[in-house]
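Colleague: Quick one, what's the 3D model for this:
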Amino acid sequence: MDCADISILLVDDEVMIRDCMAAYLEDEGFRVHGAASGEEALESIVSLSPDVCISDLRLPGMNGEEFISRAYALCPDTGYLLHTGTLYSLSDELRTIGMTTDDVLLKPVHNLSKLVTKIRHIATAGRSM
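Modeller: Numbering: from 1, shown residues only. Alright, predicted model coming up:
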């Protein structure tokens, strides 16, 4: 699957992290949309219908876990990754929607090529369902 066919919603309140990750992913050919909060992302997720959503855990307002739970209810075909700078144990609620520990990325992501591979895998798996 060509990266240009894959859309990503990137949710992070830290502008530098969001912009740097978005720039890298865009350079790889992905279509990237950013949001600074879970609330902002929820407003656009249905119209964007992204293939993959990458969300920070610690966000202002609702946290990333709550955002993913609510976003999944709106867009169950989207694949979700959680991005965090702290040790995190995946909740039962996120496990119920199919997330695994492989879907939790620790900041900073040192090997962005692995992220690209993960995004392609998620997008391809979602399209084959």
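
Colleague: The closest residue to V104 other than its chain neighbours: neighbouring residues, count only.
Modeller: Closest residue to V104 apart from its sequence neighbours, by Cβ to Cβ, 6 or more residues apart in numbering: L82 at 4.9 Å. Where you see a C-beta, it was placed from the backbone N, CA and C, and this is true even at glycine. Using other Cβ atoms under 10 Å, L82 has 25 other residues around it.

Colleague: pLDDT weak spots in this protein?
Modeller: The model of the chain has pLDDT under 70 over residues 1, 126-129.

Colleague: now the strands for this structure?
Modeller: Shown for the chain, the strands assigned by DSSP state E span residues 7-11, 31-35, 52-56, 79-84, 104-106.

Colleague: list the helices and strands the longest helix anywhere in the chain packs on?
Modeller: Ranked by residue count, the top helix of the chain under DSSP state H comes out as helix 112-127. Packing partners of helix 112-127 (3 or more Cβ pairs under 8 Å, 6 or more residues apart in numbering; DSSP states H and E): helix 15-27, strand 52-56, strand 79-84.

Colleague: mind listing what the most centrally placed residue in the chain touches?
Modeller: Centrality entry for the chain: nearest residue to the mean C-alpha point is I54, 1.3 Å, by Cα atoms, centre = their mean. For I54, the contacting residues are I8, L9, L10, V11, D12, M21, Y80, L81, L82, H83, L105, by Cβ atoms under 8 Å, 6 or more residues apart in numbering.

Colleague: distance of it from P108?
Modeller: 13 Å (Cβ to Cβ, to the nearest Å).

Colleague: H33 now?
Modeller: 21 Å.

Colleague: Between the two, which has more neighbouring residues?
Modeller: Taking other Cβ under 10 Å, H33 and P108 do not tie; H33 has more neighbours (17 against 11).

Colleague: if I look at that one, how far off is S47?
Modeller: Distance from H33 to S47, by Cβ to Cβ: 10 Å.

Colleague: If anything else comes up later, I'll come back, but that's it for now.
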